[in-house]
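Give the three-dimensional model of this entry:
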Amino acid sequence: MQAETNEFTFHHIGLACHSLAAEIEAHESLGYVIEGTPFHDPLQRINGIFMVNGPIRIELIEPAGEYSPVRNILTKGLKMYHQCFECTNIHKAISDLEAQGARVIVSPTPAVVFNGRTITFLMLRTLLIVELIQV
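Residues are numbered from 1 along each chain as shown. Modelled structure (predicted):
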């Protein structure tokens, strides 16, 4: 019996920002175009929008409220803060990454922007933050 493997497919890079409007304008000047519509996720306490430039997709994320985790990211002076991948079995992916020293920083939860599909955030041993989306 062959062990189940988990394929990871790149989805986007997450960028924290103070203002979606200002970031949209800045990225449009670089050739990015809006993909989809702006969204609000009350569970993650964020507002966001996706933009694309050729094969590159970014997610612009601003805090939605005083207790948004994005506020902490911005306070630390970070902008580009996560890479996102789709995976076929999110729970196995979490287990595999934890076995390599990663730790879950946001437990699996449904995401508004992905039509309720489960997402999670992990920090790898290298301090890279990775978001996973269940396909």
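
next one: stretch 45-65 to chain centre, how far?
Relative to its chain's centre, stretch 45-65 lies at 9 Å (CA atoms, centre = their mean, to the nearest Å).

same deal with stretch 23-40?
Distance of stretch 23-40 from the chain centroid (CA atoms, centre = their mean) equals 16 Å.

mean confidence for it?
The average pLDDT for stretch 23-40 rounds to 98.

List of residues touching that stretch?
15, 17, 20, 46-53, 57-58, 60, 62, 64, 112-113 (CB atoms under 8 Å, 6 or more residues apart in numbering). Yep, even glycine has a C-beta here, placed from its N, CA and C like the rest.

Pull up the distance across it, start to finish.
Distance across stretch 23-40, first residue to last, is 16 Å (CA to CA, to the nearest Å).

could you pull out the strands for this protein?
Using DSSP state E, the strands of the chain run over 8-16, 33-41, 46-53, 56-63, 80-87, 103-110, 118-123, 129-134.

what sits against the nearest residue to Ile133 once chain neighbours are set aside?
Excluding its sequence neighbours, the residue lying closest to Ile133 (CB to CB, 6 or more residues apart in numbering) is Glu86, at 4.8 Å. Under the criterion of CB under 8 Å, 6+ apart, the contact list for Glu86 reads Phe8, Thr9, His11, Leu132, Ile133, Gln134, Val135.

Which positions within the lowest-mean-pLDDT helix or strand in the chain qualify as buried?
When the helices and strands of the chain are scored by mean pLDDT, DSSP states H and E, helix 69-75 comes last with a mean of 94. Using 16 or more other CB atoms under 10 Å as the test for burial, helix 69-75 gives Val70, Arg71, Ile73, Leu74.
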